[in-house]
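Undergrad: my questions are about this predicted structure, shown below with the sequence.
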Amino acid sequence: PPSSRPAGGPGPDRRRSGTGRGAGRRPERDADRRGRGGADADADGVVVDPRFAERRAAVAGERLRRRRNRLLGVVLLLAAVAGAYALTRSPMLDVDRIMVAGGVETSDEEVLAAAGIDPGEQMLDLDLAEARGRVERLPWVEGARLSRSWPGTVRIVVTERTPIAQIADDAGAWYKLDVTGRILDRTTAPAGDLYTVAGVVEGAVPGGHLATGASRPLAVLDSLGPAAAGRVSHVRYVDDDQVELVLLPEGSVRFGEVDEVDEKIVALETVLVRVDDTCLDTIDVRVPDAPVVTRVPTC
């Protein structure tokens, strides 16, 4: 069909003159990307308010700071643990001295040897319970208390047993006993201030114990009142389970089995205090409510 373009030359170039269909739209798009109020748009063309962008950046920065703080805390904790461990291994916290108290029959040297603690050991490595057990195996020691005194002192306080009686062996040696039958010491002669257990003991060693049956009369001796304590010199078994006390200057006490000990002791004390003991032969307290006194017939 014939051209509608007017004669006289080509028509105006709309693309060049900017009067075409797309003229003027690019600036509008740029304005849309910036958004209202000067907001920027992201890559997808979504308008983002500057305040949201600032908040998002602040949150990201805060997360980063928290990670850094956690990492720093872990590093500091590891450093503190390493430092504390190094301190416990240092000479600042090792054993500098060991103090011993409470021993009379047991020397400090015996206690130290039994405890097995040496200067230079680390304080935290000490097994005080095990050391206490070793000390308490010493013949005279009834109990021991061990404690640390920082930075470098160990204290050992011992409580010793009290001898109450003595017994001889077949070779003529004498052994001191406490109320439990523990053998405390070996001597060559009897002690004048201890009760004597009649009979002999075999294989006795300090730190050992009498047989259970042989140690039962010791509980009777430990319970004696003041009147009887000054009169009793020996204790012995009659038959298998009958205990007899030997009095000074004469006479004896038929105590019977080791039962109703307190009642029998009260009966014995009453007789010794209130009854004339001239020509005394026996005091029978096997029935504590009805003690019986016999005298030597020819006296």
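TA: Arrived safely.

Undergrad: now the helices for this protein?
TA: Assigned by DSSP state H, the helices in the chain fall at 14-17, 25-34, 50-88, 108-115, 128-136, 212-223, 226-229, 261-274.

Undergrad: how long is stretch 222-238 from one end to the other?
TA: Start to finish, the residues bounding stretch 222-238 are 19 Å apart (Cα to Cα, to the nearest Å).

Undergrad: mind listing residues that contact that stretch?
TA: Around stretch 222-238, the neighbours that count as contacts under Cβ atoms under 8 Å, 6 or more residues apart in numbering are 164-165, 179, 195-199, 213-214, 217-218, 220-221, 243-248, 253-254, 261-262, 265-266, 268-269, 272-273. For every residue, glycine as well, the C-beta is placed using N, CA and C.

Undergrad: between the helices of the chain, which gets nearest to Asp185?
TA: When the helices of the chain are ranked by proximity to Asp185, the top entry is helix 108-115, at 12.4 Å, counting by Cβ to Cβ.

Undergrad: packing partners of the closest one?
TA: strand 97-101, helix 128-136, strand 141-149, strand 153-160 (3 or more Cβ pairs under 8 Å, 6 or more residues apart in numbering; DSSP states H and E).

Undergrad: flag every buried residue along it.
TA: When neighbours are counted by 16 or more other Cβ atoms under 10 Å, the buried residues of helix 108-115 are found to be 110-112, 114-115.

Undergrad: that older thread, between the helices and strands packed on helix 108-115, which one is nearest to Leu72?
TA: Closest among the helices and strands packed on helix 108-115, using Cβ to Cβ: strand 141-149, at 34.7 Å.

Undergrad: what strands flank that closest one, and is each parallel or antiparallel?
TA: Partner strands for strand 141-149, per DSSP bridges, with pairing direction: strand 153-160 (antiparallel).

Undergrad: buried stuff in the strand it pairs with?
TA: So strand 153-160, judged by 16+ other Cβ under 10 Å, has buried residues 154, 156-158, 160.

Undergrad: quick one: contacts of that strand?
TA: For strand 153-160, the external contacting residues (Cβ under 8 Å, 6+ apart) are 95-106, 111-112, 115, 117, 123, 126, 135, 138, 140-149.
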